[in-house]
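**Q** All I have is the shape, not the residue letters:
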């Protein structure tokens, strides 16, 4: 799936979760977390933020 997916269970079980990206300048941290932010046709759907938000809202919509 993706890196933050297991943390969603932690959140829904009353815990806290953090995703922290670090590394050398230009290594892809912003791309990994937020998606492709470099063009007019910005696609946020592939970043960790968007994937996590999608999964959280999906989980909230379940009975």
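**A** Received it, and whenever you're ready, just let me know what you need. All values derive from a computational prediction rather than experimental measurement.
**Q** CA only for contacts and neighbour counts going forward, please
**A** OK.
**Q** Quick one: name whatever helix or strand follows the lowest-mean-pLDDT helix or strand in the chain.
**A** Here the helix or strand of the chain ranked lowest by mean pLDDT, DSSP states H and E is helix 29-34, holding a mean of 82. Sequence order places helix 48-61 as the next helix or strand after helix 29-34, per DSSP states H and E.
**Q** any idea of the mean pLDDT in that next one?
**A** The average of the pLDDT scores along helix 48-61 is 90.
**Q** How about it, which residues are buried there?
**A** Within helix 48-61, the residues scored as buried using 16 or more other C-alpha atoms under 10 Å are 48, 49, 50, 51, 52, 56.
**Q** Number of residues surrounding residue 33?
**A** Residue 33 has 18 neighbours, counted by other C-alpha atoms under 10 Å.
**Q** which residues does it contact?
**A** 21, 47, 48, 49 (C-alpha atoms under 8 Å, 6 or more residues apart in numbering).
**Q** Check the separation of the first and last residues in stretch 4-21.
**A** In stretch 4-21, first residue to last residue: 12 Å (C-alpha to C-alpha, to the nearest Å).
**Q** Which residues belonging to it are considered buried?
**A** Buried residues in stretch 4-21, counted by 16+ other C-alpha under 10 Å: 7, 8.
**Q** now residue 16: how far from residue 46?
**A** 23 Å.
**Q** out of the contacts of residue 33, who's nearest residue 31?
**A** residue 47 (6.7 Å; C-alpha to C-alpha).
**Q** which one is the residue nearest to the spatial centre of the chain nearest to, not counting chain neighbours?
**A** Residue closest to the average C-alpha location in the chain (C-alpha atoms, centre = their mean): residue 48, at 2.2 Å. The shortest distance from residue 48 to any non-neighbouring residue, by C-alpha to C-alpha, 6 or more residues apart in numbering, is to residue 33 (4.7 Å).
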